[in-house]
Each structure stands twice: as structure tokens, then as C-alpha cells.
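Chemist: Pasting the sequence and the predicted model now:
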Amino acid sequence: MMTLNPVVLLVDDEEDLCTLMSLTLARLGIQTQCAYGLQQAKKLLQIHHFNACLTDLNLPDGNGIQLVEHITAYFPNLPVAILTAYGNMETAMRALKAGAFDFLNKPLSTQHLTQVLTQAFNYTHSVNITDPLARHPQLIGESSCMQQLRITLKKLARSQAPVFITGESGTGKEVVAHLIHHLSKRHQGPFITINCGAIPADLMESEFFGYKKGSFTGATQHHTGLIVAADQGSLFLDEIAELPLHMQVKLLRAVQEKKIRPIGSDIEIKVDFRIISASHQNLEQLIQQGKFRQDLFFRIHVMTVALPALRERGHDILLLAHYFSHQIATEWGIANKPLSQQAQDYLLRYNYPGNVRELRNIIERAMTLCDDQVIDIQHLTTKIPSFFSTTTQHHTVQEKNVAIHPSATNSPTSLLPNEGLEAHLAQIEKDILLQALSLTHWNKTLAAKKLRMSFRSLRYRLKKFKLDLPE
């Protein structure tokens, strides 16, 4: 079965040959992207998804075998074939050992080329069928840590053992928990999420275990607890370190005995659930401090998944940025905008304290601010221009620079938002709009000029924040 709308990366320093092959493949319904050297090919691989790659052996800044090794390391599911007019058996063996899909001699007939690409596309299709995690939106990435994560998740899906997920905020702990459930034998059962840090301590027991009607003041009807709701499925306890000690004791019993007793009831209810838990805190340190029970730790800590921080994932950052820009463009019904080289370098240098969640916010903001065809470095930052230092009756915005940059983690703590990054940035953008409108007496055309954006972009933002001319 041939892949729909396949895209092939052609790598050859002879531009005429690339053009000829592109035209030939276009007639077969195959799209192409051309690179004229090793480094250019690597850059295209970072920002585009390909179904196959054809590369010349001799390149001006390297050779085809180096490209094969790079693809094998970072894009292991991408078949790559080497084409050369100077092939020999020794070189062919080196290429195949490096991971090449095939080794072909020039010139290549259209029939032979079609045959090779069909085999490559069938291979790509079979990989995506047998390995659904390879292209899952939340697991995009070809870094070694992400490849290992996909392998680990498939192993966990076969098991019924409790899983504990560690990782910084924004790395996708809940997403991974949901994937483990989705791939397991329990996938037809419920997936119940409890954020242990979001439930008030006095309501925690009733939310977890439920209660009978009349068991306490205000219990006007029977309430099924979240643990019972997870029966035959998976129970995900996010930020489990936030559980008070008395709740840890009750949870331990439920996990050990697979039974719970609702508040006010004399009858125990049997439950069958798989527990998946997560925290960004070090539970072993909390045990030493007397804040987490060791017996509960051993119960939930049978299998462990450590999610890597985004800054540790190298060029996965650009793959994710490309995915997010495409996703946002599709949602908004606008043209996708590629990243300039400067913007790519900028994203690779940034530290990402908010991890994947923060990267998506950055790309969404850039897609909003960019009126050009390409996202550049200035679209990845939020600056409050100097002319907004004026104080108005209702809003005062001093001149500040809250642009993200590699040293952002060393910024004064006074600049750190209390309400979360997304809400903080939205408020900054809203304040800027109000200042511009106030300075121009709500003349939207002049305000757009002051903000150095199109009138259409301004109108979109006013609608987004529900801002209109005051009465």
C-alpha cells in the first residue's frame, strides 16, 4: 500500500539533476524537497516530514553515508537510499551497514526509481501501522531519549503494574499516562484523572471514596467517588506528592486490597483499577522529610518513566515547533509560516522552564504577531515599546522587556508571573493594546501603525480580548 501524498527529500549538488528528478516524480504524484548539500539536508529534515530520502554519495560538504548515519540516529523510520555514479561493492556495504535502505547506481530509469520508492513508502506505512507511537503528536521527536521513551511505553502497555511518572512541569506527564492507558488492555475502561494538589483537604476523602446520602451535613444524595469511577480502567493521580499523610494511608489500603468504603457506609466496594501516578517532586526526599509514606511509595513505584526536559531533546524542539505551527494554522484557517534560520537558532538556545507547553505558547504567539510569510526572531519575543510608558486613567504599563532568551532563568524574580505564563503574556498583550488605543483616542488605524502591525491583525486581537470603544 503506497503512502498518500508522499514527500521525498532529494539530496544532490547537481541542481539540474534535482530539478529533473523532481519533475519526474511530480508526474507520479510525488512531492519533493531539494537539498544541495549535507547541512542543508539536515535543516530540511528538522522542519519537514518526509516519507523517503534519495541522496548522492558525494556531497560538497560531506557524503551520503554521513547523511544516512544522521537519519538512522535521529529519524530511524525514514528510509534513505544512496545514488552514485561511482559505486563499488565496498562502498555499498558501508552504506547498508550505516542503515541505508538501498544503494543505487546512476543513471536510474523511471521504472527502477518508482519501484524503489514504492518499496520505501510501503516500509514507512508498515512502520506507522505497527508502531503508532512513532508519529503520535505528543511523542514527536527523534532524539535518543524520545526513542527510548516510546520503547518503554510499549513495554508498560503490556503490563498491569503501577507506573510512576517523573518530569518537570510541562513535559506531558498526563499525556503519557493517558497513552499508557490507551495502549493497555484496559483501554476500553475509564481513565480517571485526579489532580491531588487541586482538591481542598476537607473535600479530598469524599471526592476519592464517595459518600452515602445523609452521611454528613450537605450530603443530600449518594455520591460515587473517583476511585469507584475508575473501576476496570486506570486511575491517574497527578502531583501525588501533594496528598496529605492521612489520605496516603487510605489510598494505600485501596491500592493494596482493591476495596474502598464510601463515607457513611458499612459496605466495602471491590474495585479493579491500575494506578498511574506522577509528580515533579522527589518522593524519596519527601520520605526522608516525613512528608510521604515509604510503604505507599513502594506500592506506586513499581515501574518508572522519566520524561526528559525539552532543553535536553536537541533538534526535537524544531520538529515540535513545526508541528505546532502547522496545527495552529489548520485550527485558525490560515497559511502555515516556516521559521527563519535565526528563529530556529533562537529556539534551540532557549532553556524552556515551561517545557513543551511553553514552546506551544511561544509558537502560538508568534503565529499571532507575524504578519510576514516567515516567523523571525522578533515574533518569538514580547516587547513593550518605549512609547507605552505613558500612564492612562486605568492602565499603567512601564517600559519593560520580557523577551525570552537563554539567560531568562537568571531574570529578577519580580518579572516571574504568579498566574501562569500563558495568562501573564495574555495580560501583557491586552495592556499593550489598551495603551495604544488610549494614546490614539481609539483610532484603530493609528493604533495599528503604532504597534507596527496590520489593521487586520489589530482587529483580530481586539476581538480575541473582547475590547471595544468605551462608552
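Modeler: Noted; the coordinates are in hand. Numbering: from 1, shown residues only.
Chemist: which regions of the stretch 251-400 of the chain lie under the pLDDT threshold?
Modeler: Along the stretch 251-400 of the chain, segments meeting pLDDT under 70 span 382-400.
Chemist: the strands in it, which residues?
Modeler: Secondary structure of the stretch 251-400 of the chain by DSSP state E, counting those that start in this stretch: the strands cover 259-260, 269-270, 274-279, 303-306.
Chemist: what helix or strand does the nearest residue to residue 455 once chain neighbours are set aside sit in?
Modeler: The spatially closest residue to residue 455, leaving aside those adjacent along the chain, is residue 448, at 4.7 Å (Cβ to Cβ, 6 or more residues apart in numbering). To be clear about C-beta, it is placed using only N, CA and C from the backbone, and glycine gets the same treatment. In this structure, residue 448 is located in helix 444-450 according to DSSP states H and E.
Chemist: Keeping just the C-alphas, turn that helix into PDB.
Modeler: Listed next in PDB are the C-alpha coordinates belonging to helix 444-450 (Å, rounded to 0.1, in the frame of the first residue of the first chain):
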ATOM      1  CA  LYS A 444      -7.700  51.800  15.300                       C
ATOM      2  CA  THR A 445      -5.800  52.700  12.200                       C
ATOM      3  CA  LEU A 446      -3.300  54.900  14.100                       C
ATOM      4  CA  ALA A 447      -3.100  52.300  16.800                       C
ATOM      5  CA  ALA A 448      -2.200  49.600  14.300                       C
ATOM      6  CA  LYS A 449       0.600  51.800  12.900                       C
ATOM      7  CA  LYS A 450       2.000  52.500  16.400                       C
END
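Chemist: what packs against the next helix or strand after it?
Modeler: Sequence-wise, the next helix or strand beyond helix 444-450 is helix 455-464, with elements assigned using DSSP H and E. Taking 3 or more Cβ pairs under 8 Å, 6 or more residues apart in numbering; DSSP states H and E as the contact definition, the neighbouring helices and strands of helix 455-464 are helix 355-369, helix 421-439, helix 444-450.
Chemist: Flag the shaky bits of the stretch 51-200 of the chain, pLDDT-wise.
Modeler: By pLDDT under 70, the low-scoring segments of the stretch 51-200 of the chain are 73-74, 87, 123-138.
Chemist: Please enumerate the helices of it.
Modeler: Using DSSP state H, counting those that start in this stretch, the helices of the stretch 51-200 of the chain run over 64-74, 89-98, 110-130, 144-158, 173-183.
Chemist: Now for residue 272: which residues touch it?
Modeler: For residue 272, the contacting residues are 231, 232, 258, taking Cβ atoms under 8 Å, 6 or more residues apart in numbering as the criterion.
Chemist: again but with residue 82, I slipped
Modeler: Shown in contact with residue 82 (Cβ under 8 Å, 6+ apart): 55, 56, 57, 64, 65, 68, 95, 100, 102, 103, 104.
Chemist: Residue 56 versus the residue nearest to the first one when sequence neighbours are not counted, what's the distance?
Modeler: Going back to what we said before, that points to residue 55. If you skip the residues right next to it in sequence, residue 55 has residue 11 as its closest partner in space, 3.8 Å away by Cβ to Cβ, 6+ apart. If you measure residue 11 against residue 56 using Cβ to Cβ, to the nearest Å, the figure is 6 Å.
Chemist: With neighbour numbers in mind, choose between these two.
Modeler: Neighbour totals were compared for residue 11 and residue 56, and residue 11 leads with 26 against 22 (other Cβ atoms under 10 Å).
Chemist: Quick one, grab the pLDDT at the more buried one.
Modeler: The per-residue pLDDT reported for residue 11 equals 94.
Chemist: what's it in contact with, if anything?
Modeler: By Cβ under 8 Å, 6+ apart, the residues touching residue 11 are 34-38, 41, 53-56, 59, 64, 67.
Chemist: so residue 105 makes contact with residue 89?
Modeler: No. Taking contact to mean Cβ atoms under 8 Å, the distance of 11.6 Å between residue 105 and residue 89 leaves them out of contact.
Chemist: In terms of packing, which of those two has more residues around it?
Modeler: Remark: of residue 105 and residue 89, residue 105 carries more neighbours, 14 against 8, as counted by other Cβ under 10 Å.
Chemist: among the helices of the stretch 51-200 of the chain, which is nearest residue 190?
Modeler: Taking Cβ to Cβ as the measure, the helices of the stretch 51-200 of the chain were each checked against residue 190, and helix 173-183 came out nearest at 9.0 Å.
Chemist: and the angle from that closest one to helix 144-158?
Modeler: Following axes from the mean of the first three to the mean of the last three Cα atoms, to 10 degrees, one obtains 50 degrees for the angle between helix 173-183 and helix 144-158.
Chemist: Domain-wise, how is this structure divided?
Modeler: As recorded under automatic domain parsing, the domains making up the chain are 7-130, 144-306, 325-464.
Chemist: returning to what we had before: which of the contacts of residue 272 sits closest to residue 114?
Modeler: Out of those, the member with the shortest distance to residue 114 (by Cβ to Cβ) is residue 232, at 50.0 Å.
Chemist: Quick one, grab the pLDDT at that closest one.
Modeler: Here, the pLDDT recorded for residue 232 equals 93.
Chemist: rewinding a little: separate out the buried members of the contacts of residue 11.
Modeler: Judged by neighbour count, with 16 or more other Cβ atoms under 10 Å as the criterion, the buried members of the contacts of residue 11 are 34-38, 41, 53-56, 59, 64, 67.
Chemist: possible to save these as a markdown table with distance to residue 429?
Modeler: Converted to a markdown table, the buried ones among the contacts of residue 11 look like this (distance: Cβ to Cβ, whole Å):
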| residue | distance to residue 429 |
| --- | --- |
| 34 | 39 |
| 35 | 38 |
| 36 | 41 |
| 37 | 40 |
| 38 | 41 |
| 41 | 38 |
| 53 | 41 |
| 54 | 45 |
| 55 | 44 |
| 56 | 48 |
| 59 | 45 |
| 64 | 47 |
| 67 | 42 |
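Chemist: out of the residues you listed, which are inside strands?
Modeler: Secondary structure of the buried ones among the contacts of residue 11 is defined by DSSP state E; positions in strands are 34, 35, 53, 54, 55, 56, 59.
Chemist: now, which of those sits nearest residue 199?
Modeler: Looking at those and their distance to residue 199, the nearest is residue 53, at 50.6 Å (Cβ to Cβ).
Chemist: Report the contact partners of the closest one.
Modeler: 8, 9, 10, 11, 41, 67, 71, 78, 79, 80, 81.
Chemist: bridging residues for the fourth one?
Modeler: Which is residue 11. Under the criterion DSSP bridges, residue 11 forms beta bridges with residue 35, residue 55.
Chemist: gap between it and residue 24?
Modeler: 16 Å.
Chemist: Equivalent analysis for the first one, please.
Modeler: Residue 8 sits at a distance of 11 Å from residue 24 (criterion: Cβ to Cβ).
Chemist: With neighbour numbers in mind, choose between these two.
Modeler: residue 8 (22 against 15).
Chemist: ok, that one - contacts?
Modeler: Neighbouring residues of residue 8 by Cβ under 8 Å, 6+ apart: 25, 30, 31, 32, 33, 50, 51, 52, 53, 54, 117.
Chemist: How many neighbouring residues does the fifth one have?
Modeler: Right, residue 33. Using other Cβ under 10 Å, residue 33 has 19 neighbouring residues.
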